[in-house]
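In: Sharing a sequence plus its predicted fold:
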Amino acid sequence: MTVQDIRAFNRFYTNVIGALDYSRRLYAPYTLTESRVLYELAHSPRTDAADLRTELSLDAGYLSRILNRFEQDGLIERTPSEQDPRRRRIVLTARGRETAALLAERSAESVGSLLAAVPAADRPRLAEAMRTVREILSEGRPPRREDVVLREPHPGDLGWIVQRNAALYASQFGWNADYEGLVARIVADFAEDHDPHLERVWIAELDGRPVGCVMCVRDEAPGTARLRLLLVEPDARGLGIGDRLVGAVVEFAREVGYRDLVLWTNDVLAAARRIYRRHGFVLCAEKPHRSFGKDLVGQDWRLDLHGTAE
């Protein structure tokens with residue numbers, strides 16, 4: 001392979017995805033770079049300009065101009081960071097989230113149209129070729145925290161949540177199919193009837209594959225949200241994914257106006273309980289029970305969203 005081979009492929013692929021005329025292709029007033037910045041803001045629970053510069057390798061001046069435009073368009077708000085007053089925290093406004101969701105929808109439609117032209121028999125070969133390119137050009141380095149993206153679920157991801165919960169808990173704790181049935185009902189209820197302004201699912205993605213998930217849904221108690229189905233794949237642990245997923249739920253629940261965030265778990269899930277405690281959850285009650293073919297101790301945890309703030 002020569003340099004010219006790679007340059008030729010780059011020219012081919014940028015033309016295929018419409019990188020040079022991205023705004024026209026998506027019927028939106030934003031370039032590919034601007035759309036990528038908006039994507040990062042939509043999928044990171046807390047971000048500042050320094051984070052974005054590092055993640056996207058952007059020139060500071062160029063990024064500043066993009067953020068100024070977003071602010072003028074009402075897509076973002078900038079506030080002092082609570083961790084470091086010298087840094088500015090960037091969050092999407094409601095209009096920003098709607099714009100990011102629209103761009104994501106149109107991008108998915110564009111890629112879907114591209115994929116529709118690929119014969120079904122060739123798609124596994126294409127997927128494997130793309131994975132090979134990513135692996136080789138990553139120089140075999142281990143995954144980094146910044147390689148993980150939190151995103152909205154794609155078609156098939158809700159089924160993945162059911163399958164991975166069932167498989168992992170059966171493997172790690174010996175839980176039977178009763179647990180798979182419970183997860184399936186939770187996911188089906190969300191898929192069939194949820195309020196996108198008050199309920200959400202996050203998928204953690206690493207190298208193009210889902211490696212974690214969590215849900216935020218309305219609880220029966222007024223003003224209360226419930227965190228459900230936190231999961232991180234074993235080979236992706238150690239990258240802070242569980243912490244980011246819980247942080248995303250806490251921030252979302254606080255921003256949309258919930259007063260309390262609650263969850264139910266079992267005492268055998270020690271790693272998850274450490275994450276909950278780190279985010280300010282308090283153990284309210286625990287009770288032995290027989291579920292999923294095992295004797296367990298169930299626990300109820302609660303976070304007062306008005307009494308705590310990160």
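Out: Done, it's in.

In: all helices in the stretch 1-150 of the chain, in order from the N-terminus.
Out: 3-17, 22-25, 32-43, 49-56, 60-72, 94-116, 123-137 (DSSP state H, counting those that start in this stretch).

In: Dump these to CSV, plus distance to Pro196 and mean neighbour count.
Out: C-betas here are computed from N, CA, C, even on glycine. Listed next are these as CSV, based on distance: least, C-beta to C-beta, whole Å; neighbours: other C-beta atoms under 10 Å:
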stretch, distance to Pro196, mean neighbour count
helix 3-17, 27, 10
helix 22-25, 25, 15
helix 32-43, 13, 20
helix 49-56, 25, 16
helix 60-72, 22, 15
helix 94-116, 9, 14
helix 123-137, 29, 11
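
In: So which of the ones you listed is nearest Ala191?
Out: helix 94-116 (17.2 Å; C-beta to C-beta).

In: Run through the neighbouring helices and strands of that closest one.
Out: helix 3-17, helix 32-43 (3 or more C-beta pairs under 8 Å, 6 or more residues apart in numbering; DSSP states H and E).

In: so can I have a markdown table of those showing distance to Val268?
Out: Converted to a markdown table, these look like this (distance: least, C-beta to C-beta, whole Å):
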| stretch | distance to Val268 |
| --- | --- |
| helix 3-17 | 45 |
| helix 32-43 | 31 |
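
In: Need those helices in JSON lines (columns: distance to Arg226 and mean pLDDT).
Out: What follows is these, written out as JSON lines (distance: least, C-beta to C-beta, whole Å; pLDDT from 0 to 100):
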{"stretch": "helix 3-17", "distance to Arg226": "39", "mean pLDDT": "88"}
{"stretch": "helix 32-43", "distance to Arg226": "22", "mean pLDDT": "85"}
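
In: Nearest to Arg123 among these would be which one?
Out: Closest approach to Arg123 among the helices and strands packed on helix 94-116 (C-beta to C-beta): helix 3-17, 15.6 Å.

In: The closest one vs helix 94-116, what angle?
Out: 110 degrees (axes from the mean of the first three to the mean of the last three C-alpha atoms, to 10 degrees).

In: just checking, what packs against the helix or strand Ile275 falls within?
Out: Here Ile275, judged by DSSP states H and E, is contained in helix 270-278. Here helix 270-278 touches helix 241-255, strand 260-266, strand 294-304, going by 3+ C-beta pairs under 8 Å, 6+ apart.

In: what's the following helix or strand past it in contact with?
Out: Going down the chain from helix 270-278, the next helix or strand is strand 282-291, by DSSP H and E. Applying C-beta atoms under 8 Å, 6 or more residues apart in numbering, the external contacts of strand 282-291 come out as 178-179, 267, 295-303.

In: Could you identify the buried members of these?
Out: 179, 296, 299, 301-303 (16 or more other C-beta atoms under 10 Å).

In: In contact with the residue positioned nearest the centre of the chain, which residues?
Out: Centroid-nearest residue in the chain: Leu150, 1.9 Å away (criterion: C-alpha atoms, centre = their mean). For Leu150, the contacting residues are 43-45, 202-205, 244-245, 248, by C-beta under 8 Å, 6+ apart.

In: Nearest to Arg106, out of the buried ones among the contacts of strand 282-291: which one, please.
Out: Leu303 (35.6 Å).

In: ok, back up a step: out of the buried ones among the contacts of strand 282-291, which two sit at the greatest distance?
Out: Tyr179 and Leu303 (24.4 Å).

In: one step back: which one, of the helices of the stretch 1-150 of the chain, ends up nearest to Asp195?
Out: Of those, nearest to Asp195 by C-beta to C-beta is helix 94-116, at 14.2 Å.
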